[in-house]
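>>> give me the fold of what follows.
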Amino acid sequence: MKAADLTVELAVLRESLANIRQEMGEIKGKLLASETSVNGLQQEAAVLRQRLDDHLKRVETWDNRWWGVLGLFVASALTLAANLIVILVRK
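Residues are numbered from 1 along each chain as shown. As a prediction, the model looks like this:
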């Protein structure tokens, strides 16, 4: 090979190397952006998980209170019925 051919080939290889470095830089930028996006999504998922846990605790507390109120209502209705029966039997 001649020196001129080697010089041309070297120039082509340098240009290819520059293009590859530029593409690697772009890919690295996209990768960093994706990583930032994934981190943001993980944080958002953690916040949503915490909100769901809080909501489930509130629902459980409300459910327990509801059954307590329902028990009191049933007990009151039975007491009223018993008192009405006692009043009717005394007459």
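>>> got any ranges where this protein has weak pLDDT?
1 (pLDDT under 70).
>>> quick check, central residue of it?
Among the residues of the chain, the one closest to the centroid is Ala45, at 2.4 Å (CA atoms, centre = their mean).
>>> mind listing what that one touches?
With CB atoms under 8 Å, 6 or more residues apart in numbering as the criterion, no residue contacts Ala45. (C-beta placed from N, C-alpha, C; glycine too.)
>>> distance of it relative to Asn64?
Using CB to CB, to the nearest Å, Ala45 is found at 29 Å from Asn64.
>>> what do you get for Asp53?
Counting by CB to CB, the gap from Asp53 to Asn64 is 17 Å.
>>> cool, and Ala3?
Separation of Ala3 from Asn64 (CB to CB): 90 Å.
>>> okay, those two: which has more neighbours?
Asn64 (10 against 7; other CB atoms under 10 Å).
>>> element containing that one?
Assigned by DSSP states H and E, Asn64 falls within helix 3-90.
>>> quick one: residues contacting the residue lying farthest from the centre of the chain.
Using CA atoms, centre = their mean, the residue of the chain lying farthest from its centre is Lys91. It sits 66.9 Å away. With CB under 8 Å, 6+ apart as the criterion, no residue contacts Lys91.
>>> quick one: it from Ile27, how far?
94 Å.
>>> and if you look at Glu35?
Glu35 sits at a distance of 12 Å from Ile27 (criterion: CB to CB).
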